[in-house]
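A.B. asks: generate a structure from the sequence data that follows.
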Amino acid sequence: MSKRKGKVIHEEATLKVRKLTAVTTENAPDDASRQGPPPNSFAHSASGDIGLIESITLKNFMCHHSLGPFQFGPHVNFIVGNNGSGKSAILTALIVGLGGKATVTNRGVSLKDFVKAGENTADITVKLRNKGADAYKKDVYGDYISVEQRILSDGSRSYKLKNKSGQIVSNKKEELTAILDHFNIQLDNPVSILSQEMSKQFLHSKNESDKYKFFMKATLLEQMKRDYIHIKHTETITRQQVERQEECLKDLKQEFLQKKERYENLSSYSELMEVLENLKKKMAWCLVREKEQSIQQLKEETEKEENNNKLQDNLRLCQTKIVQVEKRLQLIKKRSDSLKEEQKTLTGDNLKLKQQVKNISKAHKEQELVYFRALNKLKQSEREQNLLQEKINKAKTSEILNNSGKTKHTKQQLSLSNLKRQLAELQSTCTQLNEEIKKKHQGLLKGKEERDKLRGEEKSLQFAYESKLKRKNQLLASRSNKLKRFGDFVPDLMAAIDEAYAAGQFLKRPVGPIGACISLKDPSLAVAVECCLRSFMKAFCCDNYKDESILQELMGRFYPKGNRPQIIVSQFSDKLYNVYGRKVHHPDYPAVLDTITATSPIIINCLIDMRGIETILVIKEKNKARAVMQRGRPPKNCREAFTAEGDQVFPNRYYTSEFSMAKYLSGDIETEISLLESELENLQAQLSRFQLQVSSVTEDIVTMENGLNNTIKTLKKTQTSENQVKAAITELETATEERSDDISSLEDVAQENHQKIEAEEQIVQEAKAEFDKHKKMLEEADSKYSSVRNKIDQLSEEIEPLKDEQVKLEAECVKHERNLKILDKKLKTHEDNIQAMKSDLSEKEEELQEYVDKATQISPERLIVTCSTKSIDTEITRLKKKLKVYESSHGEQEQVVREYAEALSLYKEKTIQVRDLRKFIDRLRNIMSDRQNRYKILRRSLSVRCKLYFNNFLIKMNCCGSMIFDHNNETLSILVKPPGREKDGASDMRSLSGGERSFSTVCFMLSLWEITESPFRCLDEFDVYMDMHNRRICLDLLLELSERQHLRQFIFITPLNTSFLLTNALIRIHHLHDPERQDNHSGDKDVETYTR
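C.D. replies: Prediction:
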């Protein structure tokens, strides 16, 4: 038998059952032939491949610090040791280590009872064989599967399933259960593992019912019986449900009959529906006819557009003009280039001549300097000569007048005294005049400062007046066009934007001005909102940067470059931003976002992005605004606030507004105009008053300037007189100090100076000749330079008209090119229009085909319809109303038909379900009847085989006996007659000695082994109550059975001596040393294993 598996299968109850392989009576040999091969043949037999226990290792388990590892053989294993040495602990560890419950072992209530006292964990390692064709996941685990289990002191445990290499494959209990099922290891089956407690409970019990339960549990007949009882109970429940479904089926049938009756009363309704269907057919073909007419009209329009060649002719004419202008422009450029080339050549000559004139002029100037130096030197010598001559004459005269010198000196001293007195008076007068000039100059500066101040104020008033006047004109103009409020050019700009958008230049039409797109919920807050938005009132919004560049070009037509409205680029969205999380909320005061409404969500989103209007409060009163923003913590998400007067309030500062009234958002234009008129009158009066003051101050300044000028003139005259007096005083003082010089020495000097003058005259004449020569050369070079310069100017005069003509032609060419682009664009638009018309035509043809297909589906034959769709639709509406009235009284036809179909379908479905369930129950009852018969046959077969094997084993002991099964009362009676008492009456187990009873129990156990399967068998202290004779016979029977079942593994636990066993290489005996209760040394010394 290659695989130790069996299955108990039932069809409805999918209960998991331990595997059982039962050998039928047909395959059972007679008793004599089941004795097995001779003992020596066992040494050459093969061992099992899967499920055998290779080794067991214990640590801190029960009262043992360490036991093992126990290396078990594949055939027969004896564990021998005195009480307390750990024999039963090994068997308990085997059950617990493979996942068994603590209660199965009968050695503890909970797993924590198996942890050694004083320790936190207990470890069990069980190594199972996994070889052969039936190995479990051979590629994952290999030849061995190690089951490592750790039990904690709190009663919990964990698993580690390792492969042959020691690597962890899994740690799940489900995987261990799958392995045990695959190996057919039944931990709770006493046939596989029979402990002392289980033996006492069932085998040594004197109750016949306990023995019968043991037989049923060992053969898994008890599990099969429980499964059949469960299936029978399920059958009863299902039968009751079927009976309830049959009751419901009667109600469904009644409902179905009612719906059927309503369904059969739909004849007149069907006639009206038929008329309606005919009208729908006519409507379908009428729609086809109208669609065909519209397609025909579109075809005619398309052909007309295709035959319109006016744009092509204009385009060719414009191209011809461009070619002509380009030819003329080419000729002019050619002529202009030749003149420029000539001018360039002359310019080079001009530069050379200019440099030459410069050099000659420089030499001329140097020679002129030499000439005038020599001339000046000559004049200086002549002046010295004249002075020297005068001195000589004075010296000669002084000798003559020497006698009258004293009288003249006295006169000179008197004159000098008068001049000094006169000089002191003039100096005093100059000082007084300087003080007067200083005072008048300061007064003049103050007057000018006052005049400048008045003029500044006048300019401010003039600017305010002009601003108010401009605002008044805007308001007057805004009576007919509100956009005039935002600037005189705004209406023209909006018109240009509309034209550009219509021409397809914008991807999305710009929106603005923002102030024109918003309105106030409370008009009294106009100043506050305008002060908040400020420059954004005149701003425009664009969706993308391409549209922004086009709008910039349009603004350039109406505004100077530095004074254009702001353009905000932000992607347009039709939905308002969700600002709930960042908006300011106040119970008494609104945010700016709450005070305005806009024509488009784009405006609100733009102001949220650029100004954050969701975070700004509007508080009308100043005091309350300061209290909210500055006398405590501002409201959440609030950055600033505005008052009704436009004052801006921050948490730490306050700014007063410059505006007193709204400029863009005021609602009453007439009131604002009247206010502006009164303000203009006030400003005009103030301007007149300031102009009078400026005129008066200007006249005073002119008077002060005239007085200052007269005083300055008087001062200059006085200073001149003072200088003259000083010169006279100096001359008189010099004259008195002169001494008489030696006349002869002066004459000698005069003679030398005369010779020097003659030499210098010669030098002057030579310098004059050289100067005239350079002057002539300069005149000649200057003449040539002027000639070239005049020629260059003449060429420039010729080039200028050519340039003007070239600019004119270029402008004309640009104009034609622009017209060409416009015509080309119009032609492309025309072609696109034709293409769009063709595309529309194809779409309409497709729609026509769809209409035809739909109409064909409604009515396969085309109907000739003369009436319009409107009349047909009217008739359809009338019929539908009539049908609706009918449906209100009889119910809607579709609903009636649907309800009838649903009732019919439900009735049939439920009928089929009840019938199928009835069939299933009947079949299940037949199957269960057959299964129960088979179960009885199997139970009888197993009981008969068990009897045969039991008698066979008793014969070994020269005993006779029998087993009586009472399946009705669930009892098992075992009768045994020991040797020598065969003639006595029947005696049960209670009349036997302890050893005979133990032997009989072993025979009963061996009989069960013969009819059941398991990869290994375990017996705990089976021979305790036997004498040596019965024990020897019992061991022979066990060994003989192990020889026959050589694929199974046997583990026998006994406290008695096994030295009498015959030597055999496949019998392994494990001797456990006596326990040392006070020593916790390693358990490796407690085990002695050898093979006999």
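
A.B. asks: from residue 169, how far off is the closest residue to residue 63 other than its chain neighbours?
C.D. replies: The shortest distance from residue 63 to any non-neighbouring residue, by Cβ to Cβ, 6 or more residues apart in numbering, is to residue 116 (6.3 Å). No exception for glycine: its C-beta is placed from N, CA and C like everyone else's. Taking Cβ to Cβ, to the nearest Å as the measure, residue 116 falls 29 Å from residue 169.

A.B. asks: neighbour count: these two, which is higher?
C.D. replies: The residue with more neighbours, out of residue 116 and residue 169, is residue 116; 19 against 16, by other Cβ atoms under 10 Å.

A.B. asks: distance of the more buried one from residue 59?
C.D. replies: 9 Å.

A.B. asks: what is in contact with these two at once?
C.D. replies: Residues within reach of residue 116 and of residue 59 at once, by Cβ atoms under 8 Å, 6 or more residues apart in numbering, are 65, 122.

A.B. asks: what's the closest non-adjacent residue to residue 141?
C.D. replies: Nearest non-adjacent residue to residue 141, counting by Cβ to Cβ, 6+ apart: residue 163, 4.5 Å away.

A.B. asks: what is the one helix or strand residue 844 maps to packed up against?
C.D. replies: Secondary structure from DSSP states H and E places residue 844 in helix 743-858. The contact analysis (3 or more Cβ pairs under 8 Å, 6 or more residues apart in numbering; DSSP states H and E) places helix 743-858 against helix 267-307, helix 310-400.

A.B. asks: looking at these, which is closest to residue 1058?
C.D. replies: When the helices and strands packed on helix 743-858 are compared by Cβ to Cβ, helix 267-307 sits nearest residue 1058, at 100.8 Å.

A.B. asks: what packs against the closest one?
C.D. replies: Partner elements for helix 267-307 (3+ Cβ pairs under 8 Å, 6+ apart): helix 743-858, helix 869-890, helix 893-956.

A.B. asks: quick check: mean pLDDT of it?
C.D. replies: For helix 267-307, mean pLDDT is 77.

A.B. asks: so it versus helix 743-858, what angle?
C.D. replies: 140 degrees (axes from the mean of the first three to the mean of the last three Cα atoms, to 10 degrees).

A.B. asks: chain center to helix 267-307: distance?
C.D. replies: 52 Å (Cα atoms, centre = their mean, to the nearest Å).

A.B. asks: relative orientation of it and helix 893-956 in degrees?
C.D. replies: Between helix 267-307 and helix 893-956, the angle comes out at 110 degrees (the same axes, to 10 degrees).

A.B. asks: number of nearby residues for residue 762?
C.D. replies: 11.

A.B. asks: can you redo the helices and strands packed on helix 743-858 as JSON lines with mean neighbour count and distance to residue 230?
C.D. replies: Below are these laid out as JSON lines (neighbours: other Cβ atoms under 10 Å; distance: least, Cβ to Cβ, whole Å):
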{"stretch": "helix 267-307", "mean neighbour count": "15", "distance to residue 230": "57"}
{"stretch": "helix 310-400", "mean neighbour count": "14", "distance to residue 230": "94"}
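
A.B. asks: okay if I get these as JSON lines plus distance to residue 915?
C.D. replies: JSON lines is the format used below for these (distance: least, Cβ to Cβ, whole Å):
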{"stretch": "helix 267-307", "distance to residue 915": "35"}
{"stretch": "helix 310-400", "distance to residue 915": "83"}
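
A.B. asks: and the host helix or strand of residue 78, which strands flank it?
C.D. replies: For residue 78, the host element (DSSP H and E) is strand 76-81. Within its sheet, and counting by DSSP bridges, strand 76-81 is paired with strand 1049-1054 (parallel), strand 1067-1072 (parallel).
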